[in-house]
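A.B. asks: fold the stuff below for me.
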Amino acid sequence: MRSLVILHAVYPRRCDIKRLVTYDYFLSHSGDAEGGPESLHAESPFRSGEILVRREIVQRGLTLIVAKGLAIQQFGSFGVEYQAASFAGAFLDYFESEYARKAKKIASWINQRFGQMSDTDLERFVSDNLGKWGVEFADNPYESSGGSE
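C.D. replies: So this is what the prediction gives:
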């Protein structure tokens, strides 16, 4: 469902799987980007690693929303891209939970913050910051230091 929220926020533009995986990370952890809104999900140590395992999850979600007609899969000169169906917004309006409301707001912020970035610039932004996300847990006072007391 998060992919549909993202695709609706960037409509009528299309996204490839790589951009959707990146946007999905920021939908959950928007606070990792400087000036971003409060994250939808709680901070966790090593969360930057999530971006490396999201592809399969995002792909399964895309397969479902395409099969249900909520998104369109298009084959272009740059490979496979996805676009929200024109009625995706009406479908998403049925989701009224606090989580859904926040997700829609963050997806709009993602579009404003990253929507005009080239793929190269977005990749550079992620690679430049990946090592920083989740490091606030690096000096956890509750972790064992290896010594005995």
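A.B. asks: what are the boundaries of the helices in the protein?
C.D. replies: Per DSSP state H, the chain carries helices over the ranges 2-10, 17-28, 50-67, 88-92, 98-114, 119-129.
A.B. asks: pick the most buried one from the ones you listed.
C.D. replies: Neighbour counts (mean count of other CB atoms under 10 Å) averaged over each of those peak at helix 2-10, with a mean of 24. In this view, the C-beta of every residue, glycine as well, is placed from N, C-alpha and C.
A.B. asks: who are the contact partners of residue 39?
C.D. replies: Contacts for residue 39 (CB atoms under 8 Å, 6 or more residues apart in numbering) come out as 28-32.
A.B. asks: quick one: closest of the helices of the chain to residue 80.
C.D. replies: Closest to residue 80 of the helices of the chain is helix 17-28 (CB to CB; 6.9 Å).
A.B. asks: by contact count, what packs against the closest one?
C.D. replies: helix 2-10, helix 50-67, strand 79-84, helix 98-114, helix 119-129 (3 or more CB pairs under 8 Å, 6 or more residues apart in numbering; DSSP states H and E).
A.B. asks: how does it look with 6 Å?
C.D. replies: Other helices and strands packing on helix 17-28, by 3 or more CB pairs under 6 Å, 6 or more residues apart in numbering; DSSP states H and E, are helix 2-10, helix 50-67, helix 98-114.
A.B. asks: enumerate every residue touching the spatially most central residue of the chain.
C.D. replies: In the chain, the centroid-proximal residue (CA atoms, centre = their mean) is residue 24; its distance is 1.4 Å. When contacts are counted by CB atoms under 6 Å, 6 or more residues apart in numbering, residue 24 touches 2, 54, 58.
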